[in-house]
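Chemist: Okay, sequence plus prediction incoming.
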Amino acid sequence: MPYIEMPKLSDTMTEGTLVKWRKAIGDTVSVGDILAEIETDKAVMELEAFDDGTLKEIYVPDGGKAQIGEKLALLLGVGESMPKKKGEAPITEKRDLADAGEHGQEVSPKSKTKVEPAAAPVHVASAGRVKASPLAKKIAVAKGVDLATIHGSGPGGRVVAKDLESAPTKTSRAPAAASAPIISTILPEGAKRIPLSGMRKIIAERLLASKTQIPHFYLNIEVDAGELLKFRSQANVHLEKAGAAKLTINDFVLKAAVEAAMKVPRVNASYAGDSIIQYADVHLSVAVAVEDGLVTPVVRQAQKKSLREISEAVKDLATRARTKKLKPEEYQGGTITVSNLGSHGIDNFFAVINPPQAIILAVGAIVKKPVVNAQDEIVPAHRLAIGLSADHRVVDGAIGAQYLAELRLLIENPVLMLI
Amino acid sequence: MPKITYRKALNDALAEELARDENVFIIGEEVAQYNGAYKVTEGLWARFGDKRVLDTPITEAAFVGLGVGASMLGLRPVIELMFWSFAYVAYDQIVNNAGCIRYMSGGRIHCPIVIRGPANGGTGVGATHSHTPESILANSPGVKVICPATAYDAKGLMKSAIRDNDPVFVMENTLLYGEIWEVPDEEYLIPLGVADVKCEGVDISLIAHGRAVLTSLKAAEILAGEHGINAEVVDLRSIRPLDEETILQSVRKTHHAVLVDENKPFCSVSAQIASMIQEKAFDDLDAPVLRVCSLDAPAIYSPALEKLQLPTVERIVEKVLEIL
């Protein structure tokens, strides 16, 4: 295969930018020479030659972009002839990164097809099975190298040991790319292997992607929940008399999170590579723990819903989430997530952002503790800790603080939620 | 160190063993008064007399059978076959009688016989005189088969063969009888079943026996000189018992093997070795094990063609370049 293709240089890379060719057409190339510099979603890396030969054609100019596997150049070895041309060398269309429709991804088993990495390994296209010598396979396992990413120089494209000599391990080739640790296949005594459920796999993929790709930062506040508790018990007395379901503390927090997002709309947004998409509606994702994982059903257009409507919607969604009766559209397309571990005895924490959202709120338990009031007296108070994790590409500290200030105002003055 | 021919080395081995052990005797067609068809037994009849060196009629089945019987009673016959190709008329004596008696007697009867003679093609003597039956004979449990490639090995192995208590078949080569190697004056033995690395290398293992070892050594020189490939040449010396460990050590070092074998390819010695390598060194292989054998046809009578039928240096080099 005389073509040089865009290699997959990081786990999340789908396309690369050819920053600069270091070799020109007609140059002689030896194994190990640096052909070009390629910018991935993470870093600028050097593209190494795996074969000797002469650079005959270049298809992607300096500054051009190419998908993984797309032809970049033609390198002919001694005795190799120019391949037959069928018109121009194909350059597939650039993907539109500003595809706003992509935000509809949530942690759920059924959204699997949407979250699979778009890129295929470079050589899989030519042959379903990677041909490699037994020794090469052994070395690949020892070095943690994916054979599909190695160009085979042996007969019929077989990967042989020398192809792996210069192959860096996954970690050195793409330092930023996270890879699953290689864990011995031999289990310690008494240990058991639990196969990954579909949901567990997606949680692993999505949250790994989130923590490795999204620059998280964290802010936290502690609010006075005294008024909220009073307000809630008043409301519940009447609701109970009317035979209606009672409101939970979380219902108020959810309502406040939505109202605050309407006041500070820049948090209700997604990072889209070359732009930021700011949404008009607040689709509120609510983290619900289920057996073997969690689901984040979505209360759609939550800004149009009353406290009671939000409460009812969440109860219904949570119940159906636990019995796995949610439809895909009911857990996709959220714009902000609230996770509440207060009922699990957690006072305060920070959550991992649910991509492609920009913020997630982490709500703890209401704790009774001494505080210093405006009169400099130490008094008992009901305090609620709220953590905010934000994508710094979208939200800066000041915006995050502004959002939390709005949230504090609403929770400490719950009557505002009715206005 | 004195230089002697392969023929003289064998002659010395026979003479030393005849002198050392009165139970040793030589029997075969023209081995005594004519000094041997290929002069391997030259001077032995004159020196040791009628009782120790005996001529026979053209009766392979009879004199091999005689030798088998004599060995069961404690003598140590060395039987010359003018060509190993003639062994086929004595196959019952060689395989059924000599090869099985120790097993059939529950270990009570031994058969310390040596059968020796040339077993090679390449000399224009036709298909019926050019067989290489080491693969066929080594297929029988209970026998030993050796194929010396040099004068040094021929002498040391022949002496061990005569002292061995099992049937040992020594495959010589008429093309090597006149070749000269250094052989020490002092006595030495080479144990049966021990291979010899004739040339050390790191890139590929050329594994061969008999004259193919010499062809491989020449190929190794060309590979080193013209292609920068550092080949190791492993001389099996003994086909059975087979020194698997030396073969495997070499393959584990070079990760590549080309087997060179004057057998015809089908069910040959190299087929056995290829099977053994993939079974025991699979994860060390960086390429398939390839073979260079005689072309799969009866020995070609045309001298020009027969030369090409046997493994040539060019074919070995070509085969190595296929995987390196």
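Modeler: Happy to help now that I have it. Numbers count the residues shown, from 1 in each chain, chains lettered A, B, ... in the order given.

Chemist: how about the helices in chain A?
Modeler: Assigned by DSSP state H, chain A shows helices spanning A:112-115, A:134-143, A:161-165, A:170-173, A:198-213, A:226-241, A:249-263, A:307-322, A:397-412.

Chemist: Would you format these as TSV with mean pLDDT included?
Modeler: Converted to TSV, the helices of chain A look like this (pLDDT from 0 to 100):
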stretch	mean pLDDT
helix A:112-115	38
helix A:134-143	88
helix A:161-165	87
helix A:170-173	43
helix A:198-213	87
helix A:226-241	92
helix A:249-263	95
helix A:307-322	92
helix A:397-412	96
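
Chemist: my guess is B:L137 meets B:V145, correct?
Modeler: Yes: assessed by CB atoms under 8 Å, B:L137 is found in contact with B:V145 at 5.3 Å. Just so you know, the C-beta spots here come from the backbone N, C-alpha and C atoms, and that holds for glycine as well.

Chemist: the more surrounded of these two?
Modeler: B:V145 (27 against 23; other CB atoms under 10 Å in any protein chain shown).

Chemist: what pLDDT does that one get?
Modeler: Per-residue pLDDT puts B:V145 at 98.

Chemist: With A:P83 instead?
Modeler: On the pLDDT scale, A:P83 is placed at 69.

Chemist: Could you do B:I79 as well?
Modeler: Per-residue confidence (pLDDT) for B:I79: 98.

Chemist: A:V253 is in contact with A:I411, isn't it?
Modeler: Yes: counting by CB under 8 Å, A:V253 does reach A:I411; the two are 6.8 Å apart.

Chemist: what residues are shared contacts of those two?
Modeler: A:L384 (CB atoms under 8 Å, 6 or more residues apart in numbering or on different chains).

Chemist: Between those two, which is the more surrounded one?
Modeler: Taking other CB under 10 Å, A:V253 and A:I411 do not tie; A:I411 has more neighbours (27 against 23).

Chemist: show me the contacts for the more buried one.
Modeler: Going by CB under 8 Å, 6+ apart, A:I411 touches A:223, A:225, A:228, A:252-253, A:256, A:384.

Chemist: Chain B contacts on chain A?
Modeler: A:133-138, A:154-155, A:158, A:160-162 (CB under 8 Å from any CB of the partner chain).

Chemist: just to revisit the earlier point, could you identify which of the helices of chain A is most buried?
Modeler: Burial of these is given as mean neighbour count (mean count of other CB atoms under 10 Å in any protein chain shown); helix A:249-263 ranks first at a mean of 23.

Chemist: Would you mind naming the helix or strand containing the closest residue to B:G142 other than its chain neighbours?
Modeler: Nearest non-adjacent residue to B:G142, counting by CB to CB, 6 or more residues apart in numbering or on different chains: B:G99, 4.4 Å away. Here B:G99 is covered by helix B:99-104, with elements defined by DSSP states H and E.

Chemist: Return the set of residues that bridge with B:R76.
Modeler: Counting by DSSP bridges, B:R76 forms beta bridges with B:V24.

Chemist: distance of it from chain A?
Modeler: B:R76 is 46 Å from chain A, where distance means CB to the nearest CB, to the nearest Å.

Chemist: Same check on B:I101?
Modeler: To chain A, B:I101 is 42 Å away according to CB to the nearest CB.

Chemist: need the contact list for that residue.
Modeler: B:I101 is in contact with B:68, B:72, B:109-111, counting by CB under 8 Å, 6+ apart.

Chemist: And A:I139, by the same measure?
Modeler: A:I139 touches A:145, A:161, A:164, counting by CB under 8 Å, 6+ apart.

Chemist: And the residues you listed, which is closest to chain B?
Modeler: Closest approach to chain B among the contacts of A:I139 (CB to the nearest CB): A:A161, at 4.5 Å.

Chemist: Send me the helix holding B:G99 as PDB with only the CA atoms.
Modeler: Extracted in PDB, the C-alpha atoms of helix B:99-104 (Å, rounded to 0.1, in the frame of the first residue of the first chain):
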ATOM      1  CA  GLY B  99      14.000 -51.600  14.500                       C
ATOM      2  CA  CYS B 100      11.500 -53.500  16.500                       C
ATOM      3  CA  ILE B 101      13.400 -56.300  18.300                       C
ATOM      4  CA  ARG B 102      14.200 -54.300  21.400                       C
ATOM      5  CA  TYR B 103      10.500 -53.300  21.900                       C
ATOM      6  CA  MET B 104       9.200 -56.800  20.900                       C
END
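
Chemist: Following the chain past it, name the next helix or strand.
Modeler: Following helix B:99-104 toward the C-terminus (DSSP H and E): strand B:114-118.

Chemist: who touches that following strand?
Modeler: With contact meaning CB under 8 Å, 6+ apart, strand B:114-118 is reached by B:10, B:28, B:38, B:40, B:64, B:67, B:76-84, B:86-87, B:94, B:98, B:158, B:161-162, B:164, B:167-174, B:177.

Chemist: burial of B:P311, as a residue count?
Modeler: Neighbours of B:P311 (other CB under 10 Å): 27.

Chemist: any idea how far it is from B:N96?
Modeler: Separation of B:P311 from B:N96 (CB to CB, to the nearest Å): 32 Å.

Chemist: Make CSV out of the contacts of A:I411 and add distance to A:G198.
Modeler: Listed next are the contacts of A:I411 as CSV, based on distance: CB to CB, whole Å:
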residue, distance to A:G198
A:V223, 38
A:A225, 38
A:L228, 38
A:F252, 34
A:V253, 30
A:A256, 34
A:L384, 35
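
Chemist: give me the number of residues near residue 147?
Modeler: Picked chain A for this. Close neighbours of A:L147, defined as other CB under 10 Å, add up to 20.

Chemist: Let me rephrase: I mean chain B.
Modeler: Using other CB under 10 Å: B:C147 sits among 30 other residues.

Chemist: for B:P57, same thing?
Modeler: B:P57 is flanked by 8 other residues according to other CB under 10 Å.

Chemist: give me phi/psi at it?
Modeler: phi -70, psi 180 (degrees, to the nearest 10).

Chemist: Quick one: residues contacting it.
Modeler: Counted by CB under 8 Å, 6+ apart, B:P57 has contacts B:E29.
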